[in-house]
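[1] The sequence isn't on hand, but the structure is:
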DNA sequence: TATGAATGAGGTTTCATTCAT
DNA sequence: AATGAATGAAACCTCATTCAT
């Protein structure tokens, strides 16, 4: 499952792999895994074809690296966004917002994960799926905290979390539909409102209103803070 | 955009294309569009390679036909399920159930649509997307009826409909996760409950309870009505 | 171990394979197995590259077919030459002459067998070796008959046969040395004389002289009769 | 025809080349010249890839060095074995035994020479062939001495010498056949007996019997004297 | 209308060789 | 003198498409 390399310096391997991964994400997102040629990736990464095979065993390794990176972004962004947020409901909303914005800033990458995970051999596909579950767990924890704090009703956590995740992914998957009518943040707030309505307790609603009020100011500075990145070449 | 054929008898063209479409859906679902060869499809359809090119211009035509058929199933099944159902809330639930069950019985086909729509050239991709919107409209109409009947709050219809659609697709897209914990119907009822909670008015809730009570018996005969089909070889 | 084909008509398969085999023998003899490209073989056989892969699984199959054909020539020529020859000593000499002349007329093919048998995977290499042993057996039988008829001493048949075989192969393997000093027939008669001297009994020598006398005339017509074949393009 | 180097110290060049030659013989014997990569040789010699190109112009140089070394072994071993042997017939037998044992102890190397001499460009191939002729001359001299001493009949020296050489090579080339039935020494003595029978005069036979008698004891110490070397990694 | 043999462009991968360090 | 990362030409093989039968 580990990727073959003929290069000995681990730091160099890390650097080159990151470079190749970015190129792979860009190419595969653009045209899909199969239509993309190794030459495409080499050109995008501005290296020779031969170099690729010194850091990677075969083309599928590039896909695996690309998908891992795409999923890893969530695992990096969500905890980062949660730092310093204490209130359970606040944490929940923050996590969902972070999740959705990662999607918003890397639509292609999310679509890539949906399109090409199946192009991996079983063992690796399982690793990617596990990563998705790990990410979900970040949100699930927030949900459970809200339930424990009696801000949420006693709902089915697993289904609710996937409902949220699918809602976030939908922004990317149906960008062709939504992006012409609104921006991510509008989409996010409308959806959040809809989904929360079904789960908030009375106490939850009250807490929500207070959080909304507090958010009035920080909303502006918060926006630029969000880290537009990911599927950039 | 129309598909090329060298055969003159339209009935024959229809029959052969249906045959090829079924084979294409099966093959593409199994291995993906690009890895599938024309030979694979020919063997699955039990015809010669040459024959395919008498009913189809190129490989992409097969994909287009396959995806059209997958989306058409919804357009056939939902209206069929709605026949004879009058109550707005009943119609809504019926539509959602039909939608979700189509997914349940053709997981591979749904996944195929997600994976390979992008493999079509722009013009055809747009046609597929339009079909998806047309299908959504079937559900949106029910939602609007419920709002008009004051059974639903004044919610954002577009987002709510997509939330439902994504919920249904999630069963197929995340089958690797859900299918080991429950069956479609359990998934459906739990999700429906969760989503309805956020939108039902007081009147809506009352109506819902009545419908639930009535459904106790019909649940059994309802089952055989659902049309297991699609991604069969 | 059997060779893959996608073509259904067995007669066609036979014809095409024969054609490819001839081309392969010519190419591999000329430049060796590895330096020869599939394109070389395709051009020599005057077919497309793709066609080759409809009759053959991979490049090694071509080598296998080529080596089999080279060895098969002995199995065809020796029995043909022996037809109608009754005297044991006469049969022995005839067999050796046939063997040596096959070598003489397909020097490249013999060298090919020495160079490239090891390029086959174990299983197939074993099949080629077995074919060599089968051919040796044709000569060994003659030797045993001579011993039984008390024309040969009670010698070590296995070593003697291989001595003869190596002597014949030597004409091909050391053509760069011998061919500038004599022709096959001279080489053959001198070597035969030398080798026979060590094994003939008194009776054997007498019989030999008689056969020599009889051969005086037929020697000329015999020569044109030899069947130049094999490594022709 | 001389091999390129960028290194100035001739002693170092000699040492490194010997090291590379041993590695090359080992690798090429094992897998053949073309399938062996420079990396294989570098690893076997425990040096870097770059170093090889400081002592060698290209891959073919390695093959040339390897083949030269293989042939040189004969030129070293035969004279060494002949030292102190005076009797012409004794010298002949000693030379043949030395030749055959070199084969026996480096089967792979002999096979290598047969397989890959043709992979050299013409000029170098000629040099290798000349080396073979030089070696043959060592045996030819013994044969001529035997004839002069009237121990051998007036035979065709050239053909007889090649018959012996081929017999010795056969042990290596047909090791798959002989090695399972006997050891080199058995093979050697049986073959020698067969070949001598055809060439010994009456005086030669008598002399042979005397030598045989004398050899009874020395046979044991003779064995450890033979120089197992060559195709070792 | 149906077949399937034939084509050849193009993709992935290997590896001899170079050259900056 | 020694290293090994980088290069890119070239090889094998696949497969969409054509076309004679």
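    It's in. Bear in mind the structure is a predicted one, so any value in this text is a computation, not a measurement.

[2] I figured residue A:35 was touching residue B:33, is that so?
    No. Applying C-beta atoms under 8 Å, one finds residue A:35 not in contact with residue B:33, separated by 10.1 Å. To be clear about C-beta, it is placed using only N, CA and C from the backbone, and glycine gets the same treatment.

[3] do you know how far the residue nearest to residue A:62 when sequence neighbours are not counted is from residue A:14?
    Counting by C-beta to C-beta, 6 or more residues apart in numbering or on different chains, residue A:62 lies nearest to residue A:24, which is 4.3 Å off, once chain neighbours are set aside. Going from residue A:24 to residue A:14 by C-beta to C-beta, to the nearest Å gives 15 Å.

[4] okay, now the residue of chain A found nearest chain C: neighbour count?
    Scanning chain A for the residue nearest chain C gives residue A:58, at 18.7 Å (criterion: C-beta to the nearest C-beta). Neighbour count for residue A:58, taken as other C-beta atoms under 10 Å in any protein chain shown: 13.

[5] Assign a three-state SS to the residue of chain A found nearest chain D, would you?
    Relative to chain D, the nearest point of chain A is residue A:6 (8.5 Å; C-beta to the nearest C-beta). Using DSSP: H, G, I helix; E, B strand; the rest coil, the three-state assignment for residue A:6 comes out as coil.

[6] Let me see the contact set for it.
    residue A:54 (C-beta atoms under 8 Å, 6 or more residues apart in numbering or on different chains).

[7] quick one: the helices in chain A?
    For chain A, the helices defined by DSSP state H cover A:10-31, A:38-45, A:49-55, A:59-82, A:88-105, A:107-116, A:122-148, A:157-173, A:175-178, A:184-197, A:202-215, A:219-225.

[8] Residue C:165 is nearest to which of these?
    If you check each of those against residue C:165 by C-beta to C-beta, helix A:49-55 wins as the nearest, at 46.0 Å.

[9] What is that closest one packed up against?
    Under the contact criterion of 3 or more C-beta pairs under 8 Å, 6 or more residues apart in numbering or on different chains; DSSP states H and E, helix A:49-55 touches helix A:10-31, helix A:38-45.

[10] Select, out of these, the one closest to residue A:205.
    Among these, helix A:10-31 sits nearest to residue A:205 (C-beta to C-beta), with 40.1 Å.

[11] Which residues are in contact with the spatially most central residue of chain A?
    Residue closest to the average C-alpha location in chain A (C-alpha atoms, centre = their mean): residue A:74, at 4.1 Å. Taking C-beta under 8 Å, 6+ apart as the criterion, residue A:74 is in contact with A:99, A:102, A:135, A:138.

[12] that older thread, let me have the helices of chain A in TSV, extended by mean pLDDT.
    Converted to TSV, the helices of chain A look like this (pLDDT from 0 to 100):
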stretch	mean pLDDT
helix A:10-31	98
helix A:38-45	98
helix A:49-55	98
helix A:59-82	97
helix A:88-105	96
helix A:107-116	97
helix A:122-148	97
helix A:157-173	96
helix A:175-178	95
helix A:184-197	94
helix A:202-215	93
helix A:219-225	46
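
[13] Which one of those lies nearest to residue B:106?
    Nearest to residue B:106 among the helices of chain A is helix A:107-116 (17.3 Å), distances taken as C-beta to C-beta.

[14] Can you give me the neighbour number for the residue lying closest to residue A:102 once chain neighbours are set aside?
    In this structure, residue A:102 finds its nearest non-sequential neighbour in residue A:77, 5.1 Å apart by C-beta to C-beta, 6+ apart. Residues within reach of residue A:77, counting by other C-beta under 10 Å, total 22.

[15] same deal with residue A:190?
    16.

[16] now residue A:61
    For residue A:61, the neighbour count with other C-beta under 10 Å is 22.

[17] And the closest residue to it other than its chain neighbours, how far from residue A:176?
    Excluding the flanking residues, the one nearest residue A:61 by C-beta to C-beta, 6+ apart is residue A:3, at 4.8 Å. Going from residue A:3 to residue A:176 by C-beta to C-beta gives 34 Å.

[18] ditto for residue A:165
    Distance from residue A:165 to residue A:176, by C-beta to C-beta: 20 Å.

[19] about what we covered before: could you check which of residue A:24 and residue A:14 has the larger neighbour count?
    residue A:24 (30 against 11).

[20] Could I get the phi/psi values of residue A:35?
    phi -70, psi -20 (degrees, to the nearest 10).

[21] for it, what are its contacts?
    Residue A:35 neighbours (C-beta under 8 Å, 6+ apart): B:34, B:119.

[22] Which residues of chain A lie near DNA strand E?
    The interface of chain A toward DNA strand E, taken as C-beta under 7 Å from any atom of the strand, is made up of A:36, A:37, A:38, A:39, A:49, A:50, A:53, A:58, A:59.

[23] again, 6 Å this time
    Contact residues (C-beta under 6 Å from any atom of the strand) of chain A with DNA strand E: A:37, A:38, A:39, A:49, A:50, A:53, A:58, A:59.
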